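Participant: Just the structure for this:
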Amino acid sequence: MVDRLAHEKIDALVGTRQQILCEGPSKTNGERLMGRTPQNKIVVFEGDAERHTGSLFDVQIELSAGFTLFGNPAVLG
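Facilitator: Numbering: from 1, shown residues only. Predicted coordinates for the structure are as follows:
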């Protein structure tokens, strides 16, 4: 039941814009970046690790897979 409720909450974020803190390369795909929302949800997205690690910015959430969200940066300056 706990997993079902957690999946419902994470699935509800698909289609929204979330602020994330970029932590660096994704652990499963070093060509993508990983960050976390203020609610500690993991988001994987495209970007430049040297340029964006440690930055806060918005990501448009496109997909939920398990407990991981995937998205596209709204604006990377």
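Participant: which helices and strands sit right next to the helix ranked longest in the chain?
Facilitator: The residue-count maximum for a helix in the chain (DSSP state H) belongs to helix 2-11. Judged by 3 or more C-beta pairs under 8 Å, 6 or more residues apart in numbering; DSSP states H and E, the packing partners of helix 2-11 are strand 56-65. The way it works is simple: take the backbone N, C-alpha and C, and place the C-beta from them, glycine included.
Participant: The strand it packs on - contacts with which helices or strands?
Facilitator: Against strand 56-65 (3+ C-beta pairs under 8 Å, 6+ apart) you get helix 2-11, strand 17-25, strand 42-45, strand 68-73.
Participant: List the neighbouring strands of the very next helix or strand once past the second one plus their orientation.
Facilitator: Toward the C-terminal end, the helix or strand that comes next after strand 17-25 (DSSP states H and E) is strand 33-36. The pairing partners recorded for strand 33-36 under DSSP bridges are strand 17-25 (antiparallel), strand 42-45 (antiparallel).
Participant: related to what we said a few turns ago, now for the helices and strands packed on strand 56-65, which one comes closest to Arg51?
Facilitator: Proximity of those to Arg51 was assessed by C-beta to C-beta; the nearest stretch is strand 17-25, lying at 9.3 Å.
Participant: Enumerate every residue touching the spatially most central residue of the chain.
Facilitator: For the chain, the residue nearest the mean C-alpha position is Val43 (1.5 Å; C-alpha atoms, centre = their mean). Counting by C-beta atoms under 8 Å, 6 or more residues apart in numbering, Val43 touches Gln18, Ile20, Met34, Gly35, Arg36, Thr37, Val59, Ile61, Thr68, Leu69, Phe70, Gly71.
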